[in-house]
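>>> Just a sequence and a predicted model for now, questions to come.
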Amino acid sequence: MVAFLKDLFNRFKRARVVTKALVIFSMLLWTFLLLICVIKVNYTVTTPGFTSKASDRIVINDEKYKDNKTGQIYTLAVYSKNKVSLFRYMLSSINPKFDVDEYNPKTDLSDLEEQVQGTIMMNLSMTKSIIAAYTEASKVNNEIKIAYEFCGMIVESVSHTYGDSQLAAGDIITHVKGEKVESENHFWTLFSRDNIVNNRILVTVKRGDITKDLNLYLHSAENGGYYVGFRTEAYYVIDQDNTYPSYTINPTSTIGPSGGLLQSLAIYNSLIGEDITKGKVVVGTGTIELVYNDNNLEFKGGAIGAIKQKIITAYECNRINNIDVFFVDYLDYDDALDAYNNFAKGSFVLVKVEKFSDIIDYFKEVN
């Protein structure tokens, strides 16, 4: 090896000036390309992704429902990566289909933390989709029933800046200052400044099989209030023994709650015995939220992220699936319409919905 390198060096010394210059330039170029592929920069890149058939996630088990049509209903996913290479950042910055955002490792969630948060949110979304679909389907078929209960507030993530490290993603807050949390609104009533003493508030959490009290520290805010320091959501548990028909939740590679609205439609379609989509190929995005108005339960569509990339994903998949309609929650509609006009105009019908029942009503008018 040493002899080979010495011979190579001697040949380089004897080479013409032009050859030497080309060798040096090639080595510098190779080094530059290597560095921009290795060096990481603090940016997040979000790109178009893929579709998933919604009916593959939750399957109705009962023989009476096994032949029900599930329809061609798809949810949408995008790709997102934190701290990308300099080379990927440069390419992404000039691609109009990609979004590039600054990433602060000190304050923003890491990839692992986002994975944990996204998994919790996806599991919650599955539960809420089942509740929404079964509740609406029971209005069509009174044999269908569902039983569930509110079991506290689940922690999805803890802020690096304002969060108390005693708290962990996945913790379920069941009590505040010894009082049982009865609903999401009740939780925020209890989690008020009246119950905060010296920047601390006592909460009881369930962590796996362990229940413990945590005296959380809350950072003061400029307006005289306090930073909560964590992201939380209502946690519901379905009583499967008192739910009919039974169902199975299949594993999925996707995370996050944005498929909730369309997932509800797929389950509903599987329950009622007919394909309400009437053979249409349906995609869309939006969370599914349980909202109580004067004790009346409604299932509303909630906001999601990366709406532009989801519109583009639908457009790119349209060449294979021949998509007919794209449902989007009302909160994201304006951004979705802008992306639709720029990247997918005329490819499918873009429909704004506020509630899950809006989707059901839409298909009642479809021939």
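Nice, thanks for sending it over.

>>> got a list of what F187 touches?
152-153, 173, 176, 181, 232 (C-beta atoms under 8 Å, 6 or more residues apart in numbering). For every residue, glycine as well, the C-beta is placed using N, CA and C.

>>> Kindly report the same for L91.
With the criterion set at C-beta under 8 Å, 6+ apart, L91 makes contact with nothing.

>>> now it: how far from L35?
Counting by C-beta to C-beta, to the nearest Å, the separation of L91 from L35 is 15 Å.

>>> Name the helix or strand for K128, please.
Assessed by DSSP states H and E, K128 sits inside helix 111-137.

>>> how much space between A77 and L35?
32 Å.

>>> contacting residues around the strand or helix carrying V100?
Element membership for V100 (DSSP H and E) is strand 99-102. If you take C-beta under 8 Å, 6+ apart as the criterion, strand 99-102 is touched by 42-46, 89, 92-93, 306, 308-309.

>>> picking that back up, tell me which two of the contacts of F187 sit farthest apart.
Within the contacts of F187, two members stand farthest from each other by C-beta to C-beta: V176 and T232, at 11.6 Å.

>>> Torsion angles phi and psi at V283?
phi -130, psi 170 (degrees, to the nearest 10).

>>> is it true that S92 touches F98?
Yes - between S92 and F98 there is a contact at 4.4 Å, judged by C-beta atoms under 8 Å.

>>> hmm, back to that, relative to the whole chain's centre, how far out is the helix holding K128?
9 Å (C-alpha atoms, centre = their mean, to the nearest Å).

>>> Now do it: which elements does it pack against?
On a contact count with 3 or more C-beta pairs under 8 Å, 6 or more residues apart in numbering; DSSP states H and E, helix 111-137 meets strand 58-60, strand 72-82, strand 148-158, strand 230-238, helix 260-272, strand 287-293, strand 296-302, helix 356-364.

>>> With mean neighbour count and mean pLDDT added, can I get these in TSV?
Output for the helices and strands packed on helix 111-137, formatted as TSV (neighbours: other C-beta atoms under 10 Å; pLDDT from 0 to 100):
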stretch	mean neighbour count	mean pLDDT
strand 58-60	19	86
strand 72-82	22	90
strand 148-158	20	95
strand 230-238	18	95
helix 260-272	27	92
strand 287-293	18	88
strand 296-302	18	88
helix 356-364	18	92
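
>>> Take these and write them to CSV, including distance to T51.
Formatted as CSV, these follow (distance: least, C-beta to C-beta, whole Å):
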stretch, distance to T51
strand 58-60, 17
strand 72-82, 4
strand 148-158, 25
strand 230-238, 26
helix 260-272, 10
strand 287-293, 18
strand 296-302, 18
helix 356-364, 17
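
>>> Of those, give the one that comes closest to Y134.
helix 260-272 (7.0 Å).

>>> Next, the angle from the closest one to helix 356-364.
Angle, helix 260-272 to helix 356-364, by axes from the mean of the first three to the mean of the last three C-alpha atoms, to 10 degrees: 60 degrees.

>>> what does stretch 154-165 contact?
For stretch 154-165, with C-beta under 8 Å, 6+ apart as the criterion, the contacting residues are 106-109, 113, 116-117, 120-121, 124, 167-173, 205, 214, 216-219, 227-235.
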